[in-house]
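# Here is the input, now give the coordinates:
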Amino acid sequence: MRPVPHPSLKLIPCLETFVAYVQRFDVIPQAPSTSVSSPKRLQPDPVTGMYLLKRSLRSDGSRLGDIVPLLQCRVPIEITPRFYGKADTRLAKENSLEISSEFWLNKYFHKELFWGFHLAQD
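Next comes the predicted model:
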């Protein structure tokens, strides 16, 4: 998106570019690393090979997000809701990202993302 000012106003320089609203997600640590060289390194799930994310919230329970310049975004990603033993009956394709709080970072969505994760684990 890009702010469009009133014709009589001028945008401040940092808003003359396209911007995006982004939300923050934190990686949920999985199995501890067995590597001696990097014991605190976050690991993907050993079964799926994908990282598990949790939506970041403020202390009042609202989502943590902000508007950032689009130039700061590197690559689009796909997140998939994490289902436990039984999926929530309220979930639908239109609201699954709104209702869920934990997600898989789908590394299979984008080939460069997949190979980036693959090479980072070696």
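# which residues of the protein fall in strands?
19-23, 25-28, 51-55, 65-69, 79-81, 102-105 (DSSP state E).
# If we ignore the residues flanking it in sequence, what's nearest Arg2?
Phe18 (4.8 Å; Cβ to Cβ, 6 or more residues apart in numbering). Every C-beta, even on glycine, is put in place using the N, C-alpha and C of the backbone.
# That neighbour: how many residues sit nearby?
The tally of other residues near Phe18 (other Cβ atoms under 10 Å) stands at 12.
# go on, Val75?
With other Cβ under 10 Å as criterion, Val75 counts 9.
# From Lys107, how far off is it?
According to Cβ to Cβ, to the nearest Å, Val75 and Lys107 sit 11 Å apart.
# Could you do Gln23 as well?
Counting by Cβ to Cβ, the gap from Gln23 to Lys107 is 19 Å.
# of the two, who's got more company?
Counted by other Cβ under 10 Å, Gln23 and Lys107 do not tie: Lys107 has more neighbours, with 20 against 12.
# give the contact list for the closest residue to Arg24 other than its chain neighbours.
Sequence neighbours aside, Ser56 is the residue nearest to Arg24 in space, at 4.0 Å (criterion: Cβ to Cβ, 6+ apart). Each residue near Ser56 by Cβ atoms under 8 Å, 6 or more residues apart in numbering is listed here: Gln23, Arg24, Phe25, Asp26, Arg63, Leu64.
# wouldn't the first one be in contact with Val68 here?
This points to Gln23. No: contact between Gln23 and Val68 fails when scored by Cβ atoms under 8 Å: they sit 10.9 Å apart.
# all helices for the chain, in order.
Applying DSSP state H to the chain gives helices spanning 96-99, 111-121.
# Mind telling me which of those helices the model trusts least?
Of all the helices of the chain, mean pLDDT reaches its minimum on helix 111-121 (a mean of 60).
# pLDDT score for Glu102?
Looking at Glu102, its pLDDT reads 92.
# actually Asn95, not the one I wrote
Per-residue pLDDT puts Asn95 at 91.
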